[in-house]
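Asks: Predicted structure and sequence below. I'll ask about it afterward.
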Amino acid sequence: MQTKSHPSRRGILTGAGAALAAPYLWTSAQAQAAGTIKVGMPLALTGPLGSVGQQQKRGAEFYTKLQNAKGGWLGKKIELLIEDTAGNPAACVRKAQEMVERQDCRLFTGITLSSEALAIVPKLAEWNAIFISSDNGDGRLTAESFVPNFFRANTSGPMGTRAVSLYLKDAPYKSFYALGLDYAWGHNSVQVFENELKRLGKDFVGKVFAPTGTKDYSTYVTKIRQSGADGVYLVLAGDDNNAFLAQAGQYQLASKMAILSEQLELTAMRAVGDACLGIIASARYAFTIDNPKNKEFVELWKQEHGGQVPDQFEGEQWQCQRVFEAGINKAGGIEADKLRVALEDLAIDDIKGNVHMRKCDHQGVQQGFIFKAAKKDGYSHPVPEIIATLPAERTTPPCNKMTYDD
Amino acid sequence: MSTLAFLLTQGVNALSQAALLFFLGVGLTLIFGIMRIVNFAHGTLYMLGAFIGYSLVRYTGSYWLALLMAPLAVGAIGTAFELGILRWLYRRDAHAFLMVTFGLALVTGEAVRLIWGSDALQVPPPAVLSGVVFLLDEPFPVYRLFLIGFGIVVAIVIWQLLERTRLGLLIRATSQNAEMVHALGIDVQLVRSGVFGIGCGLAALGGVLAAPLVTAAHGMAATAVIDAFVIVIIGGMGSFLGSLIGALLVAFVQVFGNYYLPDFALAFMYLVMLLVLVVRPGGLLGKEA
């Protein structure tokens, strides 16, 4: 006769299961009670492109603070989920997956590297999530790697490169060399530049790619000088951009050839100072863009940040959040199926002028800007002086393409 | 560009890079030689040197003062760390040092982020070093020539210190047989604290010198510690001359390798290390493992 009562195996398993699941149930219940809308940002806050991720973080936080003061989205507070990926695609997917599973996050933005974004997009359907890019340059994201739940609010790499080549059409330089970062974005943009130059009838004399995190750029400077080109086109960012510009400045490269760049941030201009003077670059965003909405934004930003002006990816992230806002208001919710339809063919007028999220490949159609790094009164470092604004229909590639027909 | 001009340009590129790598490697190897510990915080202290250098240049306007004071400040931090924490761990096994110096790296990295923010900061070279000199119609940045000269001077100073002074004698003796030195009535603890401080100071010196080339940036720390390890492993753990040869070898292979085979830019340093380890497992001038 058995008098001792043992807990049944099933009972133990159920209990253990409940105990394991409890934290997740609790977080999702808490989220619903708090009624927030979560935006996942697995950012490269550290690593060679950490300065880009930091800008994205500041841009999103600034927007969220202002918007939450106005009641957030659909009456719910916006909650940013920020994690550091250090620029590693595998870490980015893991962090995003955790945000989906543990926090029920369905909106993503701010994924810093294109290689990370390319790793994320195949997962979006399974996660039932919408990802709006605020900085990813690789043209493939709206071409061969396009997925329906991906949108790009920012100027892409091919669009920046196209803006530079449209500018070059009438410029006196005949031959070019290119230096890009040795990953998805660098290769993609250099390829577009090469194609564009050939169609302009100019010479493309060679290219070289440097691994991200390169410290000594002297050999690359030697190669560029030896090419004998009239100009060099740079597809660099973060620490690499700073190191190259500082060292190229010491070799007085600018006195031998024109230096053009797909993008140049204010952080880089501050970090290298006069070494970047005269560089011509396409701006995805610049605080000097002349329109009332941007002026208002810059003033608000300065008040909040002790007089500092917003940098390129801070502006791009702001615009991206505004696209989210318009889409969510139109959809009346954040469910991927509704939000996707709402975002398609959505248009907003914001700090960079009109942005139209076209339906065919989800690229934001927007103007291109060319600036020159120049001195300006009241600033201790060079600032972007806009020298050309290019119409959206000229800088945006045909649907699902990253090359241009004309 | 003529062949001679090309070789000269690349030679200057390689030698200036070797100087920076040497400052990193020699500090690490000194510390290893005498304490048998690998200082994981080396790269972070190198970065800290650059940021302290930035502040000194910014507030005093003198790069030379930064070049003197930043290594002293970081050296003092290193000594304090040895006195306060490492000293109590010598009886434990090597894992304790790995954990503790790794912890120092994390804490220092975050402290730098809190104090100086996360953006890269400009450290311009002094006016006298910011020009170029023309040789064979090619420009050579004065700052790179200065790095080479300064590297040679520091190498000679350390060498003379180790060979000719009483402190050098104590350092060499302690690295060979610490217990015997102790038995002779020398305060080995003091030697250890001093050497740890000197090693950290040398890392910071490298950081201040690298800052005009790469700006003062958080990214400096990540690869610096790996570069330093590779150089020390190539040269032989604990060997001063080894770290010098290791730095030169890596710099030349890197600069010429990047030129001819840029696709393999990341691999050269490790290929050199692999080759050396196959031929001499203890490093070029290290004791046979």
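Replies: Looks like it arrived, so ask away.
Asks: Let me see the ranges of the helices in chain B.
Replies: Along chain B, the segments classed as helices by DSSP state H run B:3-35, B:42-60, B:63-84, B:94-116, B:142-164, B:166-176, B:178-183, B:188-214, B:219-235, B:240-260, B:268-279.
Asks: If we go by neighbour counts, what in the second one is buried?
Replies: So the one you mean is helix B:42-60. Residues of helix B:42-60 classed as buried: B:42-57 (neighbour count, 16 or more other C-beta atoms under 10 Å in any protein chain shown). For the C-beta atoms, the positions are set from N, CA and C on the backbone; glycine is no exception.
Asks: Next, the angle helix B:188-214 makes with it.
Replies: 70 degrees (axes from the mean of the first three to the mean of the last three C-alpha atoms, to 10 degrees).
Asks: Looking at the helices of chain B, which is nearest to A:N136?
Replies: For those, distance to A:N136 was read as C-beta to C-beta. The smallest value, 20.6 Å, belongs to helix B:219-235.
Asks: I'd like to know which elements that closest one is packed against.
Replies: Using 3 or more C-beta pairs under 8 Å, 6 or more residues apart in numbering or on different chains; DSSP states H and E, the elements in contact with helix B:219-235 are helix B:3-35, helix B:42-60, helix B:94-116, helix B:188-214, helix B:240-260, helix B:268-279.
Asks: pLDDT score assigned to B:M1?
Replies: pLDDT, B:M1: 75.
Asks: Neighbours of it, how many?
Replies: 15 (other C-beta atoms under 10 Å in any protein chain shown).
Asks: So it versus B:G238, what's the distance?
Replies: Counting by C-beta to C-beta, to the nearest Å, the separation of B:M1 from B:G238 is 41 Å.
Asks: What of A:P42?
Replies: With C-beta to C-beta as the criterion, A:P42 and B:G238 are 42 Å apart.
Asks: got it, and B:F146?
Replies: 29 Å.
Asks: between the two, who's got more neighbours?
Replies: Between B:F146 and B:G238, counted using other C-beta under 10 Å, the more crowded position is B:G238 (24 against 18).
Asks: hang on, the more buried one packs against B:Q176?
Replies: No: assessed by C-beta atoms under 8 Å, B:G238 is found out of contact with B:Q176, at 9.8 Å.
Asks: domain assignment for chain A?
Replies: Per automatic domain parsing, the domain ranges recorded for chain A read A:16-155+A:292-365, A:158-290+A:368-395.
Asks: Select, out of these, the one closest to chain B.
Replies: Chain B lies closest, by C-beta to the nearest C-beta, to one member of the domains of chain A: domain A:158-290+A:368-395, at 3.8 Å.
Asks: Start and end of the closest one, how far apart?
Replies: Domain A:158-290+A:368-395 stretches 8 Å from its first residue to its last (C-alpha to C-alpha, to the nearest Å).
Asks: can it be found next to chain B?
Replies: Yes: shown here: domain A:158-290+A:368-395 in contact with chain B (C-beta under 8 Å from any C-beta of the partner chain) through A:182, A:208-211, A:213-216, A:218-220, A:222-223, A:225-226, A:238-239, A:242-243, A:246-247, A:250-252, A:267-268, A:270-273, A:381.
Asks: for that domain, what is the average pLDDT?
Replies: 92.
Asks: With stretch A:296-304 instead?
Replies: Mean predicted confidence for stretch A:296-304 is 96.
Asks: Buried residues, stretch A:101-112. List them.
Replies: Within stretch A:101-112, the residues that qualify as buried are A:Q103, A:C105, A:R106, A:L107, A:F108, A:T109, A:G110, A:I111, A:T112, counting by 16+ other C-beta under 10 Å.
Asks: just stretch B:126-133 next, same as before
Replies: Buried residues in stretch B:126-133 (16+ other C-beta under 10 Å): B:P126, B:L129, B:S130, B:V132.
Asks: between the residues you listed, which is nearest chain A?
Replies: Using C-beta to the nearest C-beta, the buried residues of stretch B:126-133 come closest to chain A at B:V132, 5.6 Å.
Asks: give me the beta-bridge partners of the closest residue in space to the closest one that isn't next to it in sequence?
Replies: Nearest non-adjacent residue to B:V132, counting by C-beta to C-beta, 6 or more residues apart in numbering or on different chains: B:P139, 4.0 Å away. B:P139 has the following beta-bridge partners by DSSP bridges: B:F134.
Asks: So what's the residue count around B:P139?
Replies: 19.
Asks: and if you look at B:L261?
Replies: What B:L261 shows, counting by other C-beta under 10 Å, is a neighbour count of 11.
Asks: Same check on A:K338?
Replies: 16.
Asks: For A:G249, which non-adjacent residue is spatially closest?
Replies: In space, A:G249 is closest to A:A275, 2.8 Å off (C-beta to C-beta, 6+ apart).
Asks: any idea how far A:A91 is from the one you found?
Replies: 33 Å.
Asks: residues from the stretch 151-289 of chain B in reach of chain A?
Replies: Counting by C-beta under 8 Å from any C-beta, the stretch 151-289 of chain B sits next to chain A at B:210, B:212-215, B:217-220, B:222-223, B:254-255, B:258-259, B:262-263, B:265-266.
Asks: Counting neighbours, which of the residues you listed end up buried?
Replies: B:210, B:212-215, B:217-220, B:222-223, B:254-255, B:258-259, B:262, B:265.
Asks: C-alpha coordinates for the helix or strand encompassing A:V298, PDB please?
Replies: Secondary structure assignment for A:V298, by DSSP states H and E: helix A:292-304. The C-alpha trace of helix A:292-304 is given here as PDB (Å, rounded to 0.1, in the frame of the first residue of the first chain):
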ATOM      1  CA  PRO A 292      11.300  75.600 -43.000                       C
ATOM      2  CA  LYS A 293      10.800  72.100 -41.600                       C
ATOM      3  CA  ASN A 294      14.500  71.500 -41.400                       C
ATOM      4  CA  LYS A 295      15.200  74.900 -39.800                       C
ATOM      5  CA  GLU A 296      12.600  74.100 -37.100                       C
ATOM      6  CA  PHE A 297      14.100  70.700 -36.500                       C
ATOM      7  CA  VAL A 298      17.600  72.000 -36.200                       C
ATOM      8  CA  GLU A 299      16.500  74.600 -33.700                       C
ATOM      9  CA  LEU A 300      14.700  72.000 -31.600                       C
ATOM     10  CA  TRP A 301      17.700  69.800 -31.800                       C
ATOM     11  CA  LYS A 302      20.100  72.500 -30.700                       C
ATOM     12  CA  GLN A 303      17.900  73.400 -27.700                       C
ATOM     13  CA  GLU A 304      18.000  69.800 -26.600                       C
END
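Asks: And that helix, what's buried?
Replies: Counting neighbours by 16+ other C-beta under 10 Å, one finds that the buried residues in helix A:292-304 are A:N294, A:F297, A:V298, A:W301.
Asks: now swap in stretch B:79-93 and tell me
Replies: Buried, per 16+ other C-beta under 10 Å, within stretch B:79-93: B:T79, B:F81, B:E82, B:L83, B:L86.
Asks: what do you get for stretch A:222-235?
Replies: Under 16+ other C-beta under 10 Å, the buried positions of stretch A:222-235 are A:T222, A:K223, A:I224, A:R225, A:S227, A:A229, A:D230, A:G231, A:V232, A:Y233, A:L234, A:V235.
Asks: for stretch A:139-147, same thing?
Replies: A:G139, A:R140, A:L141, A:T142, A:A143, A:S145, A:F146.
Asks: Double-check the fourth one against A:S156; I have them as touching.
Replies: Yes: A contact is recorded between A:T142 and A:S156 when judged using C-beta under 8 Å, the distance being 6.8 Å.
Asks: overlap in contacts of the two?
Replies: By C-beta atoms under 8 Å, 6 or more residues apart in numbering or on different chains, A:T142 and A:S156 have these common neighbours: A:Q363, A:M402.
Asks: who touches residue 215 in this structure?
Replies: Since you didn't name a chain, this refers to chain A. Counted by C-beta under 8 Å, 6+ apart, A:K215 has contacts A:A243, B:A210, B:L213, B:V214, B:M220, B:T223.
Asks: meant chain B, my bad for not saying
Replies: A:D239, A:N242, A:A243, A:A246, A:A271, A:V272, B:A120, B:L121, B:Q122, B:V123.
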